[in-house]
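*Asks:* build me a model from this:
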Amino acid sequence: MWKILREYRNCFGSSRRLFAIPIGVALLTTLGLLALSSASLSFVGQNYLLRQCLWLVVAIVFCAIAMALPLEFLRRHSLAIAIGAAALLIAVLIPAIGLSVNGSRRWINFKFFHFQVSEFAKIALLIRLADRLADRSGMEWDFRAGFFKPLIAIGTFSALLIAEPDYGSTVLFMLVGFAVMFLGGVPLRHLFICTAAAAVVVAIFIALNPLRLDRILSFLDIESTKLTGSYQLWQGLVGFQSGGLRGLGIGNGRQQLSYLPEAHTDFIFPVFAEELGYPFALAVIFIYAAIFAVAWSEIYRIADPYLFLLSNGAILFVAAQTAINLAVVMGLFPTKGMALPLISYGGSNLVLIFTLFGLLANCLRTAHCQKPRLEDLIGRHL
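*Replies:* Got it, this is the predicted structure:
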């Protein structure tokens, strides 16, 4: 343990920019608790703030485990981890096991909490893709090993997510999966074909699902459907407008008083903007951007293919989820239930995000302790 702590001290000491990541995570988590204390006011008898604080303790524990766990151990057992995640995604579809909420089965109902299986599946997919694609690094590209096998992993998880149904997570898995494949050396033309085929498949499933189709149609005409299909999005936009430059003050916002559905989860950012104003809302976006910029600037230096792909996948999941949530609440994307990392209420997602940052820190620490050859560094950066 002390050896690991020394390694992290040396790693952070070699690049002081890395301090921006834990500081940014701490700031966003604190702002999330502040926003949640107000966004959950209308939920009488539901102390979401206390629950989130308890989940935060669990998330910190999982982050510490991810920071200390030997990454080679995860790599050796990547197939078993992927199979276990797929088995859980299948189990959640069984009525006796999976919990159905708003027509979707995404959670396993334990006695004291609900566990969203797709969050664990994100980590399993990353480990499996990094393992498979890293094996081909520096070798002549092979269609079967370098493209088909990673695509099978992405397709399997995506198919199980569509069955729940969870189209938002399906799109997220595909986006991050294809991005990691691209970073792993898969030719862009192959990924273009896969992306087009995936878009057609998702469009067909949306067309066959009346609820999802209604969301798309409502999004195309928000003002005419503001009292029906676009009600949630409309109220979110009203929250942004009400906040202005100065905001209404903590606890003085109106959207969390049962006007805005899911104010404490998916649409917590409009509540934050309404109460604290545009400057604070922009500051949140800036903190996210700073975390991602620092992370990628350090990941760029990693020579080991496995660490490079795993760390990229970890930060891509956080960045993509952040971008999708912000785009939805600002009216740029159709409404989709996806939490804002570190700020929205949700135990499973909070644990996942902290675990991903733990994996990122572990990759940076492991890479720092390695002594890469000069030709490896040159090959990676060309």
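
*Asks:* after the longest strand seen in the chain, which helix or strand is next? Please name it.
*Replies:* If each strand of the chain is counted by residues according to DSSP state E, the longest one is strand 104-109. Of the helices and strands lying after strand 104-109 in sequence (DSSP states H and E), the nearest is strand 114-116.

*Asks:* what strands flank that next one, and is each parallel or antiparallel?
*Replies:* Paired strands of strand 114-116, with direction, are strand 104-109 (antiparallel) (DSSP bridges).

*Asks:* what's the local residue count around residue 211?
*Replies:* Using other CB atoms under 10 Å, residue 211 has 12 other residues around it. Using the backbone N, CA and C atoms, a C-beta is placed for each residue, glycine as well.

*Asks:* and the helix or strand hosting it with strand 104-109, angle?
*Replies:* Element membership for residue 211 (DSSP H and E) is helix 210-220. Relative orientation of helix 210-220 versus strand 104-109 (axes from the mean of the first three to the mean of the last three CA atoms, to 10 degrees): 120 degrees.

*Asks:* tell me how far helix 210-220 is from the chain's mean position?
*Replies:* 24 Å (CA atoms, centre = their mean, to the nearest Å).

*Asks:* that one - contacts with which helices or strands?
*Replies:* helix 188-208 (3 or more CB pairs under 8 Å, 6 or more residues apart in numbering; DSSP states H and E).

*Asks:* at 10 Å instead, please
*Replies:* In this structure, helix 210-220 makes packing contacts with helix 167-183, helix 188-208, helix 231-243, judged by 3 or more CB pairs under 10 Å, 6 or more residues apart in numbering; DSSP states H and E.

*Asks:* show the average pLDDT along the last one.
*Replies:* In this case it means helix 231-243. The pLDDT scores in helix 231-243 average 72.

*Asks:* tell me the angle of whichever helix or strand comes after that helix relative to helix 231-243?
*Replies:* In the C-terminal direction, the helix or strand that comes right after helix 231-243 (DSSP H and E) is helix 268-276. Between the axis of helix 268-276 and that of helix 231-243 there is an angle of 20 degrees, by the same axes, to 10 degrees.

*Asks:* pull the CA atoms of helix 268-276 into PDB?
*Replies:* Listed next in PDB are the C-alpha coordinates belonging to helix 268-276 (Å, rounded to 0.1, in the frame of the first residue of the first chain):
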ATOM      1  CA  ILE A 268     -30.500  18.700 -12.300                       C
ATOM      2  CA  PHE A 269     -28.400  21.100 -14.400                       C
ATOM      3  CA  PRO A 270     -31.400  23.500 -15.200                       C
ATOM      4  CA  VAL A 271     -32.200  23.600 -11.500                       C
ATOM      5  CA  PHE A 272     -28.500  24.500 -10.800                       C
ATOM      6  CA  ALA A 273     -28.600  27.200 -13.500                       C
ATOM      7  CA  GLU A 274     -31.900  28.600 -12.300                       C
ATOM      8  CA  GLU A 275     -30.700  29.100  -8.700                       C
ATOM      9  CA  LEU A 276     -27.100  30.100  -9.200                       C
END
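
*Asks:* list the helices and strands it packs on?
*Replies:* Using 3+ CB pairs under 10 Å, 6+ apart as the contact definition, the elements that helix 268-276 packs against are helix 20-39, helix 231-243, helix 278-299, helix 305-329.
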